[in-house]
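[1] With the input below, show me the fold.
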Amino acid sequence: MFHPCSTLLSFGGLLLAMFVAASASACDLPIRDVDVVVGIRDAPPFSAMSPTGLAEGFAIDIWTSVEHELIAEGAMSSSEIVLCRSIADQEAALEDGLVDVVISPLTITGPRMQRYDFSQQYLQSGLTLAVSSTSAIDFETATRVIYQTVTQPGVVKALLIFLAANLLLAALLRLALRHEGRGGDGAGAEDQGWLTTLLEAVVSTTGLKGLGDRFKTLLGRLLEIFMAVVGTVLSATIFGVLTSAFVGSIGASSTVSAENLPGMRIATLEGSTAQQFLVRQYAAEGLLQAQAVCVPEEDATPDTGCLLYPGWPQAVRALDEGRVEAVLGDWIALSYLSRLDRYRGRVEVQSGVYLNEPYGWAIARDRPELRAAIDRALIEDMRDPGWRRRIEAYLGPGAVAPN
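    Numbering: from 1, shown residues only. This next block holds a predicted model:
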């Protein structure tokens, strides 16, 4: 017999179950009946939802290519992309079976592999620090550039040749002075001494002294002109090296060591390996457990050292607005954001990383056939000669791997 009340209760129970599931995972539910649900989060340039509600980014582009190959070989029939709020929500949805694949950037770690599977590694990144740019000259950086330039084997060889050439010029200079007849019978030239003559040659060939009127003969004038020309070229070279060093150090920040991170007010991503790395640095410095707690920005106090954000865009915005001193996070994501117009010249990213990390797609443990098919498709894509250009089209030049 049909009971409207029981049917209504069943329907209400179904809606409640769906609401509880959605709340527990904080991931959107698919609106279509598909055999593969793909989870993403707001993580440009890998994945994001456009204002029109369409998924976009590097990971979306790669998934579209992989999906076509999987459908062609019969490994799947259809998929739908759903938005999750954070890494923790994506992981919960994977373990609960609400999401089959997560294509937003996730680094492959041992603890994560114990909870769900990963695809073939498709990219290499690492943990680094983003800080505010400054217009001041970093003299430490400038000194390092000059030192690295001067200590190059070719530069040392050139300096030795330069000194040897100056010894020859000093001898020619003494001969020219004698020929000029300065000091009567040449005694004045002898009294000047070899050291003085050598210093005079060095001064002339480094551009510190120009043409004078001490020589009257053609030989003397030609020698003086030659030393002035050498001095002009050499001084221009020295000036170029110094200018390059100091210009390159304007706005540059010294690399912050991992040991110094606990003393800074740092933003990082909730549930990320960057957060775990920062907590380990607190422990290594012997700080109290209470000091090592990372909290969302809305719960932070002025003394909080580790502030959590749902995504890198929010963390970089906090840095730009002066709410934190630095952002500890993914090298690729931070480098991409620092190149955006609103942050160019305001935010810079360290070139080196604290920890190298491989990227992969997370796959639910109960979908081994799907994982095998995704691996085949990813490997095929990575063998394509245009793979590197494809990456750099989204992530920027030099974004294949950090230093």
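
[2] Run through the stretch 251-400 of the chain and note the low-pLDDT ranges.
    251-254, 287-292, 397-400 (pLDDT under 70).

[3] Tell me where it has strands.
    266-269, 295-296, 306-309, 326-330, 347-349, 355-363 (DSSP state E, counting those that start in this stretch).

[4] Next: the stretch 1-150 of the chain.
    36-40, 48-49, 55-56, 79-83, 101-107, 117-118, 123-132.

[5] related to what we said a few turns ago, please render the strands of the stretch 251-400 of the chain as JSON lines that adds distance to Val102 and mean neighbour count to the earlier fields.
    Where C-beta positions appear, they are placed from N, C-alpha and C, glycine not excepted. Listed next are the strands of the stretch 251-400 of the chain as JSON lines, based on distance: least, CB to CB, whole Å; neighbours: other CB atoms under 10 Å:
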{"stretch": "strand 266-269", "distance to Val102": "15", "mean neighbour count": "26"}
{"stretch": "strand 295-296", "distance to Val102": "22", "mean neighbour count": "13"}
{"stretch": "strand 306-309", "distance to Val102": "19", "mean neighbour count": "23"}
{"stretch": "strand 326-330", "distance to Val102": "15", "mean neighbour count": "28"}
{"stretch": "strand 347-349", "distance to Val102": "25", "mean neighbour count": "22"}
{"stretch": "strand 355-363", "distance to Val102": "4", "mean neighbour count": "21"}
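
[6] out of those, nearest to Leu129?
    Evaluated over the strands of the stretch 251-400 of the chain, closeness to Leu129 peaks at strand 326-330, with 5.1 Å, by CB to CB.

[7] This protein: helices as residue ranges?
    Here the chain has its helices, by DSSP state H, at 4-25, 58-72, 87-96, 110-113, 139-150, 153-180, 187-192, 194-205, 218-249, 273-284, 312-320, 331-338, 368-382, 387-395.

[8] For the nearest residue to Ser335 once chain neighbours are set aside, name its beta-bridge partners.
    Spatial nearest neighbour of Ser335, excluding adjacent residues (CB to CB, 6 or more residues apart in numbering): Val349 at 5.0 Å. Residues in a beta bridge with Val349, per DSSP bridges, are Ala130.

[9] Hmm, Val349 is touching Arg339, no?
    No - between Val349 and Arg339 there is no contact under CB atoms under 8 Å: 9.2 Å.

[10] out of the strands of the stretch 251-400 of the chain, which comes closest to Ser77?
    Once these are compared by CB to CB, strand 355-363 is nearest, at 17.3 Å.

[11] which residues are in contact with the closest one?
    90-91, 94, 100-103, 105-109, 112, 116-127, 273, 277, 330, 370-371, 374, 378, 402 (CB atoms under 8 Å, 6 or more residues apart in numbering).

[12] try it again with 7 Å
    94, 100-103, 105-108, 116-127, 273, 277, 370-371, 374 (CB atoms under 7 Å, 6 or more residues apart in numbering).

[13] what is the orientation angle of that strand with strand 101-107?
    170 degrees (axes from the mean of the first three to the mean of the last three CA atoms, to 10 degrees).

[14] Between helix 368-382 and strand 355-363, find me the angle.
    Strand 355-363 and helix 368-382 are oriented at 130 degrees to each other (the same axes, to 10 degrees).
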